[in-house]
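> Predicted model, plus sequence, below.
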Amino acid sequence: MLKREQLPAFKKLSYTFDYERINEVVRNMPVEQEDDLKVKEGYGDLVGGKTAKLQKAFGLKFTSIEDAYQFLVNNDVAESELYKNESQITKALGGKRMAWDYRSYVKPYENYIVKDKDGKYEVNGSPYKQIALTEYNPEMEDRVYDKKIPKTRLDERHYNKVKDWVAGTYLEEVLKSFKAEHTRARIAVMDPGAFIGDHIDYNTDYSVRYHIPLTTNEDCGFHVIDRNGVKHEQKMLPGECWFLNQGLKHSAWNKGKTTRAHIIISFLTQEDLDV
């Protein structure tokens, strides 16, 4: 397994998929499906409780609304001049504004900052959601891997069991289309105006991730910052399949007015990369 510095920031794979067929399966999924990040004792709950960086990537809680707005400003993925604005919010931020204005989107940006029962302010109340396609498989617990991680960490490689509503559908066919064995798979949904700040997940000798866009718009994108500090930006079209080097610092955003949804699949090995 090659490590992050041995692999590109992005690579388009030869696979293409019928995203309309996938969307049809998703439209018919059971309504009780819960957010993979939010479900009690689920992947996000367990990992989020142990890994502060994941909490930062998917949402932090602040003691004041000004701090929450400041976090949005500091983590804006667009690099542009922050200029003065006479609004009440930007005055609270010292005359700064975000490079793209949440007020012009379908949901007011105030919707992304919510107050919890303890009086804390939470950024990303629900603009980034995940629908799990696979779940924990107890049979994977005793499997021996070349790359070992501490027992105290939740192992994403244990989540390879296809969920009942996915089994027998075109979605399962997609998961099994690759040479490598898939582990955790999910659909990541970003609301208009949402973003995920720069973060690193894990090195590529542990696992690699491929993205299959289902719905997107021209104002969605990613960037990856390589070990030399060079920023690589990439847009992806529905049905395409892309490797994103999650071992490097990366970010994603949706500046458009429509929802962005991607299938994200993790794999045990790298033969589909053809590198």
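Nice, I can see it. In this text the structure is predicted, and so the values were computed from the model without any measurement.
> Kindly report the domain assignment for the chain.
Here the domain parsing of the chain from automatic domain parsing is 4-36+127-273, 61-123.
> Can you add mean neighbour count and mean pLDDT and give those domains back as CSV?
C-beta coordinates here come from the backbone N, C-alpha and C atoms, glycine included. Below are those laid out as CSV (neighbours: other Cβ atoms under 10 Å; pLDDT from 0 to 100):
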stretch, mean neighbour count, mean pLDDT
domain 4-36+127-273, 17, 90
domain 61-123, 15, 54
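> Residue 261 reaches residue 188, doesn't it?
Yes - look at residue 261 against residue 188 with Cβ atoms under 8 Å: they come within range, at 7.0 Å.
> all strands for the stretch 151-275 of the chain, in order.
Using DSSP state E, counting those that start in this stretch, the strands found in the stretch 151-275 of the chain span residues 161-162, 182-190, 195-199, 208-215, 220-225, 231-234, 240-244, 249-254, 260-267.
> what does the shortest one contact?
Translated: strand 161-162. Outside of strand 161-162, the residues within contact range by Cβ atoms under 8 Å, 6 or more residues apart in numbering are 133-137, 172, 175.
> and those residues, which of them are in strands?
Among the contacts of strand 161-162, the members found in strands (DSSP state E) are 134-135.
> Pull the most distant pair out of the contacts of strand 161-162.
Greatest spatial distance among the contacts of strand 161-162 (Cβ to Cβ): 136 and 172, at 17.3 Å.
> What segments of the chain are helices?
19-27, 43-50, 52-58, 65-74, 88-92, 170-175 (DSSP state H).
> So for the third one, mean pLDDT?
Read that as helix 52-58. Confidence for helix 52-58, expressed as mean pLDDT, is 42.
> Renumber starting at 10 from here on
Got it, the first residue is 10 from now on, which makes the last one we talked about helix 61-67.
> I'd like to know how far residue 163 sits from residue 211.
The gap separating residue 163 from residue 211 is 11 Å, by Cβ to Cβ, to the nearest Å.
> cool, and residue 164?
According to Cβ to Cβ, residue 164 and residue 211 sit 10 Å apart.
> Equivalent analysis for residue 194, please.
Taking Cβ to Cβ as the criterion, residue 194 is separated from residue 211 by 16 Å.
> give me every residue that touches residue 178.
Residue 178 makes contacts with residue 34, as judged by Cβ under 8 Å, 6+ apart.
> Next, it: phi, psi?
phi -100, psi 180 (degrees, to the nearest 10).
> now swap in residue 169 and tell me
Residue 169 adopts backbone torsions of phi -110, psi 0, taken as degrees, to the nearest 10.
> could I get the strands of the stretch 160-284 of the chain as CSV with distance to residue 10?
CSV is the format used below for these (distance: least, Cβ to Cβ, whole Å):
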stretch, distance to residue 10
strand 170-171, 23
strand 191-199, 13
strand 204-208, 21
strand 217-224, 8
strand 229-234, 19
strand 240-243, 22
strand 249-253, 13
strand 258-263, 19
strand 269-276, 10
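> Which one, of those, ends up nearest to residue 45?
Distance to residue 45, taken as Cβ to Cβ, is lowest for strand 191-199 among the strands of the stretch 160-284 of the chain, at 5.2 Å.
> between the closest one and strand 204-208, how many degrees?
130 degrees (axes from the mean of the first three to the mean of the last three Cα atoms, to 10 degrees).
> who does strand 191-199 pair up with?
strand 137-141 (antiparallel), strand 269-276 (antiparallel) (DSSP bridges).
> ok, residues contacting it?
With contact meaning Cβ under 8 Å, 6+ apart, strand 191-199 is reached by 35, 45, 52, 136-143, 165-169, 184-185, 205, 216, 223, 229, 261-263, 268-277.
> any idea how far residue 182 is from residue 24?
Here the criterion is Cβ to Cβ. By it, residue 182 lies 12 Å from residue 24.
> next one: residue 139
Distance of residue 139 to residue 24, computed by Cβ to Cβ: 22 Å.
> Next: residue 248.
Relative to residue 24, residue 248 is positioned 9 Å away (Cβ to Cβ).
> One more: residue 138?
As judged by Cβ to Cβ, residue 138 and residue 24 stand 25 Å apart.
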